[in-house]
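Participant: Here's a sequence, model it:
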Amino acid sequence: MAESNGPQGRNRVILTGRVVARDALRHTPAGIPALDLRLEHESTQREGQIPRSVKATVDAVVIGELARSMDALAPGDCVTVTGFLANRSRRSTRVILHINEFEPE
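Facilitator: Numbering: from 1, shown residues only. From the prediction side, this is the model:
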């Protein structure tokens, strides 16, 4: 399916955070590497022209060869990630960040 750039097709997240938890690298039933992790973000954002302290903890997953690269990350490491939001699975309404790119900070 092609990526849609229409107003209802946008779903892109860029987040800088610290790894606070991570599971061991695993493989899907199809043999594809996958890594689950939790990121904590802290910053000051502007909301209605007023500075606001923001703190958020986000569950994330990375699939494929990028999971192997991110496997070197440890709790406390800082990264900037780019990805999209989606339900954890077909049966879940819990939203997680699916990472497509990352850069160590």
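
Participant: Now do stretch 74-89, average pLDDT.
Facilitator: Here stretch 74-89 scores 96 as its mean pLDDT.

Participant: Run through who's touching it.
Facilitator: 11-22, 39, 59-61, 70, 73, 93-105 (CB atoms under 8 Å, 6 or more residues apart in numbering). Using the backbone N, CA and C atoms, a C-beta is placed for each residue, glycine as well.

Participant: Among those residues, the buried ones, what's the ChimeraX command?
Facilitator: To isolate the buried ones among the contacts of stretch 74-89 in ChimeraX, judged by 16 or more other CB atoms under 10 Å, type:
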select :15,17,19,22,39,60,61,70,73,96,97,98,99,102
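
Participant: would you list every one of the helices in this structure?
Facilitator: Under the criterion DSSP state H, the chain carries helices at the ranges 65-70.

Participant: where does it have low pLDDT?
Facilitator: 1-7 (pLDDT under 70).

Participant: Walking through it, point out its strands one by one.
Facilitator: Secondary structure of the chain, counting by DSSP state E: strands at 13-22, 26-27, 33-47, 50-63, 78-87, 95-104.

Participant: How far does the fifth one sit from its chain's centre?
Facilitator: Distance of strand 78-87 from its chain centroid, counting by CA atoms, centre = their mean, to the nearest Å, is 3 Å.

Participant: just the angle between that strand and strand 13-22, please?
Facilitator: Angle of strand 78-87 versus strand 13-22, following axes from the mean of the first three to the mean of the last three CA atoms, to 10 degrees, is 100 degrees.
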